[in-house]
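**Student:** Pasting the sequence and the predicted coordinates here, then a few questions.
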Amino acid sequence: PLNIFLLRPLHRLMHYKQIMERLCKHYPPNHGDFRDSRAALAEISEMVAQLHSSMLKMENFQKLHELKKDLITMDNLVTPGREFIRLGSLSKLSGKGLQQRMFFLVSDRNCLECVQLNTIVPRMPREKEGGGNSQKQ
């Protein structure tokens, strides 16, 4: 939503900083544009340094909102001061077979939150004793 559009200019500033760094490395000190490009790099670097923490907070906020949209049962996922750390998937072996689970870690919780996905991977049936190989072609 709106957060994505707010992040784009910040990412563009970081890209401009990288371009100016490469340009400054390319110019010899006696080049006519050397001082101006160094001054522009200094200004862009200062802006990026000031906005970097804000950008990280906005990206984290966006990740939490995307996660909240996917998790219907978690109403209070987006709270002030909470940071998203990691998301991953694991398979849990139960009586019904392998069940895919999503785990995510946030900064103010002591444990991982677990959400069962809709898909269940069935276990392979056991072979009957003395049954040999029965593969379909």
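**Tutor:** Sure, I can see it. Everything numeric here is computed off the predicted structure, so don't read it as measured data.
**Student:** Please count neighbours and contacts with C-alpha atoms only from this point.
**Tutor:** OK.
**Student:** who touches residue 64 in this structure?
**Tutor:** 77-78, 83-84 (Cα atoms under 8 Å, 6 or more residues apart in numbering).
**Student:** Quick check: residue 85 is in a strand.
**Tutor:** Yes: applying DSSP: H, G, I helix; E, B strand; the rest coil, one finds residue 85 inside a strand.
**Student:** OK, contacts around it?
**Tutor:** 104-107.
**Student:** Residue 20 reaches residue 37, doesn't it?
**Tutor:** Yes: with contact defined as Cα atoms under 8 Å, residue 20 counts as touching residue 37 (6.9 Å).
**Student:** low pLDDT regions in the chain?
**Tutor:** 1, 3, 72-75, 109-137 (pLDDT under 70).
**Student:** Mind doing that once more with 50?
**Tutor:** 118-137 (pLDDT under 50).
**Student:** so where do the strands sit in it?
**Tutor:** Here the chain has its strands, by DSSP state E, at 84-94, 97-106, 113-121.
**Student:** Dump those into JSON lines; add distance to residue 44 as well.
**Tutor:** Shown next, in JSON lines, are the strands of the chain (distance: least, Cα to Cα, whole Å):
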{"stretch": "strand 84-94", "distance to residue 44": "28"}
{"stretch": "strand 97-106", "distance to residue 44": "32"}
{"stretch": "strand 113-121", "distance to residue 44": "40"}
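**Student:** Go through the ones you listed and pick out the most buried.
**Tutor:** strand 97-106 (a mean of 17; mean count of other Cα atoms under 10 Å).
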